[in-house]
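> Task: produce atomic coordinates for the following.
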Amino acid sequence: MTFTEFFSNIFTGNNLALLGAALASIIAGMGSAKGVGMVGEAASGLLTDDPSKFGQALILQALPGTQGIYGLITSFVIILKLGLLGTPVELTFAQGGFLLVAAMPIAIVGYFSAIKQARVAAAGINLIAKHPGEVGKAITTAALVETYAIFALLISLLPVLFFNP
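Okay, the predicted model is just below:
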């Protein structure tokens, strides 16, 4: 097998699309895992002093986890388009590249927005530690960062949903 044949067998349209699906889940999931962990650390400090605030802290901790879910949704739709759960479809290199590029907005924005949202949510943990009645404000400020993850999800999903191999 020659060098060219080797790479042409690896870089197929289907493999590029699968790479996009994997990166959407992996990168956005890494951001969510890091974000949920950051808020969990802040929440643990709060709960040491006041365990009754667990419910409020849990909501704030869960918020950065949504970006990983968005990456998973994008991956699942790409896998459906490939027919891996039904009749497989053979994609050209260009079609696979299209799906790979379509997955990148949620992968990249999902990663960074999860971490930024975690910072806001951790600050919200500090807010409810001092002012327990302000949990709505803490959730609202953290949820505003979510807007950009939703935009990235839409930018990733719309081309994938309308893609017809």
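> okay, and the helix or strand of this structure with the least pLDDT?
helix 3-10 (a mean of 77; mean pLDDT, DSSP states H and E).
> and the next element down the chain from it?
helix 13-49 (DSSP states H and E).
> Summarise which helices and strands that next one is packed against.
helix 54-62, helix 66-82, helix 93-130 (3 or more Cβ pairs under 8 Å, 6 or more residues apart in numbering; DSSP states H and E). All C-beta atoms are positioned from the backbone trio N, CA, C, and that covers glycine.
> could you redo the last one with a cut-off of 10 Å?
Judged by 3 or more Cβ pairs under 10 Å, 6 or more residues apart in numbering; DSSP states H and E, the packing partners of helix 13-49 are helix 54-62, helix 66-82, helix 93-130, helix 135-162.
> which parts of the last one are buried?
Using 16 or more other Cβ atoms under 10 Å as the burial criterion, the residues of helix 135-162 that qualify are 135, 138-139, 141-143, 145-146, 148-149, 152-153, 156-157, 160.
> one step back: nearest to F11 among the helices and strands packed on helix 13-49 would be which one?
Set against F11 and scored by Cβ to Cβ, the helices and strands packed on helix 13-49 come closest in helix 93-130, at 6.8 Å.
> That closest one: how far from the chain's middle?
Here the centre of helix 93-130 is set off from its chain's centre by 5 Å, with Cα atoms, centre = their mean, to the nearest Å.
> again with stretch 24-34
5 Å.
> CA atoms only: put that stretch into CSV for me.
The C-alpha trace of stretch 24-34 is given here as CSV (Å, rounded to 0.1, in the frame of the first residue of the first chain):
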residue,chain,number,x,y,z
ALA,A,24,-18.3,18.2,19.0
SER,A,25,-18.8,15.9,22.0
ILE,A,26,-15.3,15.8,23.2
ILE,A,27,-14.4,19.5,23.2
ALA,A,28,-17.7,20.8,24.4
GLY,A,29,-17.8,18.0,27.0
MET,A,30,-14.3,18.9,28.2
GLY,A,31,-15.5,22.5,28.7
SER,A,32,-18.6,21.3,30.6
ALA,A,33,-16.7,18.9,32.8
LYS,A,34,-14.2,21.7,33.7
